[in-house]
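Chemist: Let me see the structure of the following:
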Amino acid sequence: MQHLITADESSLADLEALLATLPICSTGRVFIEIPDASWQAPITAPARMTLTWLDRSVRSGEAGSGRACAPGQALARAVTAWADEMLCAEDDATRIHLLGGFLGTADIVDHLTARNGIPADAIHTPEQYGLATAR
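Modeler: Now for the predicted structure:
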């Protein structure tokens, strides 16, 4: 079973706690959005998990807008692109944990449920966001 896990600079402690609970043989992707490279720190994850840092300071906002990348925007773009490529089987059992900020998380939940057909109750998000998710 693979995992899809997201985080941002506000949820790094929660991310480390979640990764510590995974079996050593876990596979999947971890996407972490940060304001700039100074936030990058060693993260311990199972060896078969791919960890991707998304540095907002070197990314643009909406295409052609000339704006800077807003919080949650890089995370939503990366995760939705990955999901469209990797979550294509109807019987997919990927475990999804979205720990990032509300805006990016809400966009990802919307995409996963509408485009990828993932039931909202199969997506774990922070309870305070009020998104219909598994607990």
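
Chemist: And the helices in this protein?
Modeler: 12-21, 73-86, 102-114 (DSSP state H).

Chemist: In JSON lines, list those helices along with mean neighbour count.
Modeler: To be clear about C-beta, it is placed using only N, CA and C from the backbone, and glycine gets the same treatment. Formatted as JSON lines, the helices of the chain follow (neighbours: other CB atoms under 10 Å):
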{"stretch": "helix 12-21", "mean neighbour count": "14"}
{"stretch": "helix 73-86", "mean neighbour count": "19"}
{"stretch": "helix 102-114", "mean neighbour count": "19"}
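
Chemist: Turn those into JSON lines, including mean pLDDT and distance to Ala63.
Modeler: What follows is the helices of the chain, written out as JSON lines (pLDDT from 0 to 100; distance: least, CB to CB, whole Å):
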{"stretch": "helix 12-21", "mean pLDDT": "97", "distance to Ala63": "29"}
{"stretch": "helix 73-86", "mean pLDDT": "95", "distance to Ala63": "10"}
{"stretch": "helix 102-114", "mean pLDDT": "94", "distance to Ala63": "16"}
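
Chemist: Which of those sits closest to Ile123?
Modeler: The closest of the helices of the chain to Ile123 is helix 102-114. By CB to CB, the value is 5.7 Å.

Chemist: other SSEs contacting that closest one?
Modeler: strand 2-8, helix 73-86, strand 95-98, strand 123-124 (3 or more CB pairs under 8 Å, 6 or more residues apart in numbering; DSSP states H and E).
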